[in-house]
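*Asks:* give me a model of this one.
(4 chains)
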2 protein chains.
Amino acid sequence: MDMENKSFDTESARAQMRKSLLEYCTLLVIGQGEFYASDILNELKANNLIVVEGTLYPMLSRLKGSELLEYTWKESKAGPPRKYYRLTERGKHMLDQLKATWLELTLSINSLIKKYEKNN
Amino acid sequence: MDMENKSFDTESARAQMRKSLLEYCTLLVIGQGEFYASDILNELKANNLIVVEGTLYPMLSRLKGSELLEYTWKESKAGPPRKYYRLTERGKHMLDQLKATWLELTLSINSLIKKYEKNN
DNA sequence: CCCAGTACCTTGCATGAAAAGGTAGTAGGT
DNA sequence: ACCTACTACCTTTTCATGCAAGGTACTGGG
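*Replies:* Below is the predicted model of the structure:
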């Protein structure tokens, strides 16, 4: 293609918009029960959130290090054992906080969108 | 305080959630007309989006470099001249794209929130 | 003629997303 | 017994970017 060849192209902008919400979404997914990395990856992708292994594993380690997640090793029927993650109490608390922030953020941005549309 | 002394504390998580939406919000603000840096800073702060000069100036340069913004120098009554920014056609197009992405993202996350609440 | 106020910008650091590469367990074929 | 394919976990390296701090320059008032 000939357009969108600048550094700030549509796709990278779309991707970037989703970036910092990844931690929140990961906690939301895990909050539904017990999941291992591939499950989480699939759930996020099913929700149009692009993630790759190289992003997810360090993130899970970070969240575990902050005591928001814990895991249990479980045998697999086909392949190596898996780490099944779930939320800690601390993680549930954080999720509540993040939800509140998300709602505020949604209000702010929707209000900006309305203002913008009035002027166009 | 005694709690929240881990690396992943509530405030930094809240701040981080807002981070990657800054470019979008900046475009939304400028889309309303012509603004210079302090205007933009105030508008964003009024909408609960924390920004500082050291973030905004490089971002404006980046957006201008990607031809999403353009500016005009205007005299000020009290102080040095100001750069008044406005959207280019390309910028308006990008804003439409970002709005679509934002709406999709909102749907995805709200659906995840509902799923989470069913399980808790 | 200095100083306070405003406006623009740069430098340096820390964080974190992503690509690529690495280790190891299991299963199935020969 | 060995090789290959598949799956799962993790690390290393690179790059982008948010932010604190510091720097330059124009204006007007005392």
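
*Asks:* hey, let's count contacts and neighbours off CA atoms from now on
*Replies:* OK.

*Asks:* thinking residue A:71 is in contact with residue A:84, fair?
*Replies:* Yes - the pair residue A:71 and residue A:84 qualifies as a contact (C-alpha atoms under 8 Å) at a distance of 5.1 Å.

*Asks:* any idea how far residue A:29 lies from DNA strand D?
*Replies:* According to C-alpha to the nearest atom of the strand, to the nearest Å, residue A:29 and DNA strand D sit 15 Å apart.

*Asks:* which ones are touching that residue?
*Replies:* Under the criterion of C-alpha atoms under 8 Å, 6 or more residues apart in numbering or on different chains, the contact partners of residue A:29 comprise A:40, A:43, A:44, B:112, B:116.

*Asks:* show me what contacts the residue nearest to the spatial centre of chain A?
*Replies:* Centroid check for chain A by C-alpha atoms, centre = their mean gives residue A:22 as the closest residue, at 2.3 Å. Listed by C-alpha under 8 Å, 6+ apart, the contact partners of residue A:22 are residue A:49.

*Asks:* measure it to residue B:45 for me?
*Replies:* In this view, residue A:22 and residue B:45 are 24 Å apart by C-alpha to C-alpha, to the nearest Å.

*Asks:* would you mark the buried spots in stretch A:59-69?
*Replies:* Going by neighbour count (16 or more other C-alpha atoms under 10 Å in any protein chain shown), the buried part of stretch A:59-69 is A:60, A:62, A:63, A:64, A:66, A:67, A:68, A:69.

*Asks:* may I have it as CSV, with CA atoms only?
*Replies:* C-alpha atoms of stretch A:59-69 as CSV (Å, rounded to 0.1, in the frame of the first residue of the first chain):
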residue,chain,number,x,y,z
MET,A,59,3.0,-9.9,32.8
LEU,A,60,1.8,-12.9,34.7
SER,A,61,5.1,-13.0,36.6
ARG,A,62,4.7,-9.3,37.4
LEU,A,63,1.2,-9.8,38.7
LYS,A,64,2.3,-12.8,40.7
GLY,A,65,5.2,-10.9,42.1
SER,A,66,2.7,-8.2,43.3
GLU,A,67,0.6,-10.9,44.9
LEU,A,68,-2.4,-10.3,42.8
LEU,A,69,-2.3,-13.8,41.3
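
*Asks:* list the contacts of the lowest-mean-pLDDT helix or strand in chain A.
*Replies:* Every helix and strand in chain A was compared by mean pLDDT, DSSP states H and E; the lowest is helix A:10-19, with a mean of 71. Where contact means C-alpha under 8 Å, 6+ apart, the residues beyond helix A:10-19 that reach it are A:4, A:49, A:50, B:20, B:21, B:24, B:94, B:97, B:98, B:101, B:102, B:105.

*Asks:* cheers, nothing more for now.
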